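> Show me how the following folds:
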Amino acid sequence: MKKLLLLSSILAISTTIFGTEMSSSDDLKVTAQIIKPLSITTKEVNFGIITVGQKNISTEGTSGDGKIEVNGEANSNVRFQLDGLSSSIILKTNDSANTLSANLKGVNSSSSESSTNLAELFDRQHALNENGSIAFIIHGTIPDVPEGTASGLYTGTVKITAKYDFNSNK
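Have a look, this model is predicted:
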């Protein structure tokens, strides 16, 4: 009986001693950073009234220039996606029977860079400034209004989507 009692005591002590060394613990920290949502506003590129036969019609430096402005979290990076734009934008009449081609270029309004094709301009990351904004001036050019072009209002749309880019430094 004494041997059994001694054996159970040794077993209880060894379990207590060795049991504490076989486990470990730590705290899991959970965080969330809240930032401002992105907002985007645009001003249309407006060629005004033009006539058949005109060539190289440009909005550059006129009140017809457009604008794209994005607001969000200060000093954050954003990327853009453009839908409805290849090398040019197609302007159509309401019935879509008549079309006209226009080229769009843009420049960061706080930059000294020259205007760049819109698709190229937005094919890279841009940083919001310390106020949480960035703006681009958009210039349009219609190379030619050929003879026989029907009268009417011609319109086209480019959908611009801005997204935060937290994973890239390109």
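> For the chain, give me the ranges with low pLDDT.
Low-confidence segments of the chain, defined by pLDDT under 70, span residues 1-21, 168-170.
> for it, longest strand please?
Ranked by residue count under DSSP state E, the longest strand found in the chain is strand 133-144.
> In terms of secondary structure, what does the next helix or strand after it contact?
Moving toward the C-terminus from strand 133-144, the first helix or strand encountered (DSSP states H and E) is strand 159-164. Using 3 or more C-beta pairs under 8 Å, 6 or more residues apart in numbering; DSSP states H and E as the contact test, the elements touching strand 159-164 are strand 39-43, strand 77-83. (Glycine included, C-beta is placed from N, CA and C.)
> and the helix or strand following the last one, how far out from the chain's middle?
Yep, that's strand 77-83 we're talking about. Helices and strands here follow DSSP H and E; after strand 77-83, the next one along the chain is strand 89-92. Here the centre of strand 89-92 is set off from its chain's centre by 23 Å, with C-alpha atoms, centre = their mean, to the nearest Å.
> Now strand 89-92: buried residues?
Along strand 89-92, these residues count as buried under the neighbour rule (16 or more other C-beta atoms under 10 Å): Ile89, Leu91, Lys92.
> Now the helix or strand following that strand - C-alpha only, CSV.
Towards the C-terminus, the helix or strand next in line after strand 89-92, according to DSSP H and E, is strand 99-108. The C-alpha atoms that make up strand 99-108 are tabulated as CSV, following Å, rounded to 0.1, in the frame of the first residue of the first chain:
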residue,chain,number,x,y,z
THR,A,99,-19.9,58.5,-84.8
LEU,A,100,-16.9,60.8,-84.3
SER,A,101,-13.5,59.9,-82.8
ALA,A,102,-11.8,62.0,-80.0
ASN,A,103,-8.5,61.6,-78.3
LEU,A,104,-8.1,62.3,-74.6
LYS,A,105,-4.9,63.4,-72.8
GLY,A,106,-4.5,64.3,-69.2
VAL,A,107,-2.0,65.8,-66.7
ASN,A,108,-1.8,65.9,-62.9
